[in-house]
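J.: return atomic coordinates for the entry below.
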Amino acid sequence: MRDIAEELATWYASGQAFAVASVVGVSGSAPREPGAALAVNAEGDVVGSVSGGCVEGAVYESCREAIASNRPVLERYGYSDEDAFAVGLSCGGTIEVFVQPVQPDPVTPDIRSRAACGHGADDRHLPPARPPVASGLAAALTAIIGGVPVAVARVIRAPDGLSDLLGRTVVVGAGPDSGVSDALGAAVATQARAMLDAGRTGRLVRGPDGLPCEPHDEASGITFFVESYAPAPRMLVFGAIDFAAAVAGIGAFLGFHVTVCDARPTFVTARRFPAADQVVADWPHRYLDAEYAAGRLDSRTVVCVLTHDTRFDVPLLTRALRLPLGYVGAIGSRRTHRHRLDRLREAGLGDTELAHLRSPIGLDLGARTPEETAVAVAAEIVAHRRGGGCLPLSATDTPIHHEPSRHTIPTPERAARQTSSAFAW
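T.: Below you'll find the predicted structure:
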C-alpha cells in the first residue's frame, strides 16, 4: 500500500469512497509479494497493481462490487489448466487478495439525509454496517506518507458467526494505537508492534479472546493480515569518487535512502551526487558512530566503503563489522583486500566478524566502468538480501523466486505460523 498511499490520501480527503485490494498470500511463483495493493474509487479510477496484469481486471470488478455492497471479500486467484481463458496467473502460482471498501465519512450521505428527515429507523435497504476502518486507515496513511513506522492489521478471515469482524483494522506505530477496544485488539496490537520492530509482514490467527489458537483450532480462529511499513532502508556510501556517484544512483533506484559521506568537503557536494538524499562532510567512522548512536541504522542498512584509503577504511570497517547491519562491502583489489584484512585483524576483529565483509565488493560481472561496477554491487546486495544464487536463470531449474516459504498461502492449520519477512536479510 506504500506505493499508492498518496493517491489514497487524496481520495480520502476528498470524501470519495474507494476499495483497496491487497495481496495477503502467495503460493508458488507469483509476480507480486504480500502487501502489493490496487485501489479503485467510486468513479472507477484505479491505482496500483496486485499481479502485474494477470488478474487486474477481475480484482478491479471485485473492488467496484465491494464499494457498492460495502462488504469486504477475500478472493483467491490461481492458474487453471482446464480453462485457458479463466482468470488466473499465467505463471502458475496462486494469490489471495483481500478487498476492503472504505467510506471516508463514517456516516454515509444516505444515513445523514434519513436522520435529518426523521426516517432513520428503517435501514433495511442501507449497506450493512461494517467495523470502522476509515479512521485507522487515515492514521496509517498519515504515518506511511510521513515516513513514520506503522503496522496495519486487518481481519481477512473470520469463522461463521463472526463475519462482522471482516475488515476490522488495528493500527500501531509512533502515535496512539487505533482499533484497540477489547482483548482481541490489544493482543493483535502487541503482536503487530513486535512485527513492526522486526520489519515483518504476515498473518496472525487469534481466538475472539485474543489468545493464540491451538493448531487444531486455527480454522475456527480470526485471521489478521499485518503489514509493516518502515522508512526506506539506508545505504551509506563512503568515499566521494566517481564510483560512489554510480552506486548512489543505483541505490536510489533500488529504493534506499542514500547518504554519501567523505571527510573532504570539497569533493562531497550535492552537485556531484545528485542521486543522493544526503551528502555529509565528516570522517566516515565518526559519522557511522553518530548515526548508530542516534538509532538511525538497522539490520537493513547497507554500507559501501569506496574510500580506498586505509586511513578511512580500517577505522570505519572496524566499527561497521561489529554492528548489526544488513550488508558491508569494500572496494579494492585482491591485494588491497588481503592487506586490509591484516590491518583489521590488528585492530582486533576476529574471523566471525571478518566473514561479514564483502570484499572485493560486488559480483564478478566483468565490470569496468563506474556504472557497470555499480550494477555488480547492486546485484550482490540484492542476492544477499533475497537469497539469490548469482547464477544465470537459464542455467538453473530451481524456483525463480527464492524463499517460497516466506510468502506461501497458509492452510487453515498453519495460518498463524506463516509470516513473511519483507526486510529480513
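
J.: top helix in the protein by residue count?
T.: Identified as the longest helix of the chain according to DSSP state H is helix 370-386.

J.: for that one, packing partners?
T.: helix 242-253, strand 327-330 (3 or more Cβ pairs under 8 Å, 6 or more residues apart in numbering; DSSP states H and E). Where you see a C-beta, it was placed from the backbone N, CA and C, and this is true even at glycine.

J.: Throw these into CSV and include mean neighbour count, thanks.
T.: Formatted as CSV, these follow (neighbours: other Cβ atoms under 10 Å):
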stretch, mean neighbour count
helix 242-253, 22
strand 327-330, 24
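
J.: nearest to residue 178, of these?
T.: helix 242-253 (32.4 Å; Cβ to Cβ).

J.: elements contacting the closest one?
T.: Against helix 242-253 (3+ Cβ pairs under 8 Å, 6+ apart) you get strand 234-238, strand 257-262, strand 302-305, helix 370-386.

J.: repeat the analysis, applying 7 Å as the threshold.
T.: Here helix 242-253 touches strand 234-238, strand 257-262, helix 370-386, going by 3 or more Cβ pairs under 7 Å, 6 or more residues apart in numbering; DSSP states H and E.

J.: give the buried residues for the longest helix of the chain.
T.: By 16 or more other Cβ atoms under 10 Å, the buried positions in helix 370-386 come out as 370, 373, 374, 375, 376, 377, 378, 379, 380, 381, 384, 385.

J.: quick one: which of those residues is nearest residue 172?
T.: residue 385 (25.6 Å).

J.: show me where pLDDT drops low in this protein?
T.: 28-31, 52-53, 79-92, 105-135, 174, 198, 215-218, 401-425 (pLDDT under 70).

J.: got a list of contacts for the helix or strand harbouring residue 95?
T.: Using DSSP states H and E, residue 95 sits within strand 94-102. If you take Cβ atoms under 7 Å, 6 or more residues apart in numbering as the criterion, strand 94-102 is touched by 17-28, 30, 50-51, 59, 62-63, 66-67, 70, 72-78, 89, 133-134, 137, 154, 156, 167, 225, 409.

J.: thinking again about what came up before, may I see the buried residues of helix 370-386 arranged in a markdown table, with distance to residue 256 as well?
T.: Below are the buried residues of helix 370-386 laid out as a markdown table (distance: Cβ to Cβ, whole Å):
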| residue | distance to residue 256 |
| --- | --- |
| 370 | 18 |
| 373 | 17 |
| 374 | 12 |
| 375 | 15 |
| 376 | 16 |
| 377 | 12 |
| 378 | 10 |
| 379 | 15 |
| 380 | 14 |
| 381 | 9 |
| 384 | 14 |
| 385 | 11 |
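
J.: re earlier: for residue 329, which of the helices and strands packed on helix 242-253 is the nearest?
T.: Across the helices and strands packed on helix 242-253, closest to residue 329 is helix 370-386 (Cβ to Cβ), at 6.7 Å.

J.: re the thing from before, just curious, which of the buried residues of helix 370-386 is nearest to residue 361?
T.: residue 377 (5.6 Å).

J.: next up, the contacts around that closest one.
T.: 247, 304, 329, 361, 362.

J.: can you redo those as a markdown table with distance to residue 321?
T.: What follows is the contacts of residue 377, written out as a markdown table (distance: Cβ to Cβ, whole Å):
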| residue | distance to residue 321 |
| --- | --- |
| 247 | 19 |
| 304 | 14 |
| 329 | 11 |
| 361 | 14 |
| 362 | 18 |
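
J.: residue 240: which of these is nearest?
T.: Distances from residue 240 to those, taken by Cβ to Cβ, are shortest for residue 247, at 11.5 Å.

J.: contacts only, for that closest one.
T.: Residues near residue 247 by Cβ under 7 Å, 6+ apart: 237, 304, 306, 374, 377.

J.: next one: the closest residue to residue 169 other than its chain neighbours from residue 34, what distance?
T.: Leaving aside its chain neighbours, residue 169 sits nearest to residue 136 (3.7 Å; criterion: Cβ to Cβ, 6 or more residues apart in numbering). Here the criterion is Cβ to Cβ, to the nearest Å. By it, residue 136 lies 19 Å from residue 34.

J.: who has more neighbours, the two?
T.: residue 34 (25 against 22; other Cβ atoms under 10 Å).

J.: surely that one touches residue 27?
T.: No. With contact defined as Cβ atoms under 7 Å, residue 34 does not reach residue 27; the gap is 11.0 Å.

J.: quote the end-to-end distance of stretch 38-45.
T.: Across stretch 38-45, the terminal residues are separated by 11 Å (Cα to Cα, to the nearest Å).

J.: no wait, stretch 320-328
T.: Start-to-end, stretch 320-328 (Cα to Cα) is 7 Å.

J.: again, but for stretch 228-243
T.: 33 Å.

J.: contact partners for residue 183?
T.: 209, 210.

J.: related to what we said a few turns ago, now render the helices and strands packed on helix 370-386 as CSV, adding distance to residue 233.
T.: Shown next, in CSV, are these (distance: least, Cβ to Cβ, whole Å):
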stretch, distance to residue 233
helix 242-253, 10
strand 327-330, 10
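
J.: can you report how many residues neighbour residue 11?
T.: Neighbours of residue 11 (other Cβ under 10 Å): 23.

J.: can you verify my assumption that it contacts residue 41?
T.: Yes. Residue 11 is within contact range of residue 41, at 5.1 Å (criterion: Cβ under 7 Å).

J.: who touches both of these two?
T.: Common neighbours of residue 11 and residue 41 (Cβ under 7 Å, 6+ apart) are residue 18.

J.: which residues touch residue 141?
T.: 5, 8, 9, 12.

J.: could you do residue 246 as well?
T.: Taking Cβ under 7 Å, 6+ apart, one finds 370, 371, 373, 374 in contact with residue 246.

J.: from the residues you listed, which single one is nearest residue 150?
T.: residue 374 (32.0 Å).

J.: got a list of what the closest one touches?
T.: 246, 247, 249, 250.

J.: any idea how far residue 75 is from residue 25?
T.: For residue 75 relative to residue 25 (Cβ to Cβ), the value is 11 Å.

J.: ok, now residue 305?
T.: For residue 305, the distance to residue 25 - Cβ to Cβ - is 40 Å.

J.: how about residue 361?
T.: On the measure of Cβ to Cβ, residue 361 and residue 25 end up 36 Å apart.

J.: since that was my last question, I'll sign off now.
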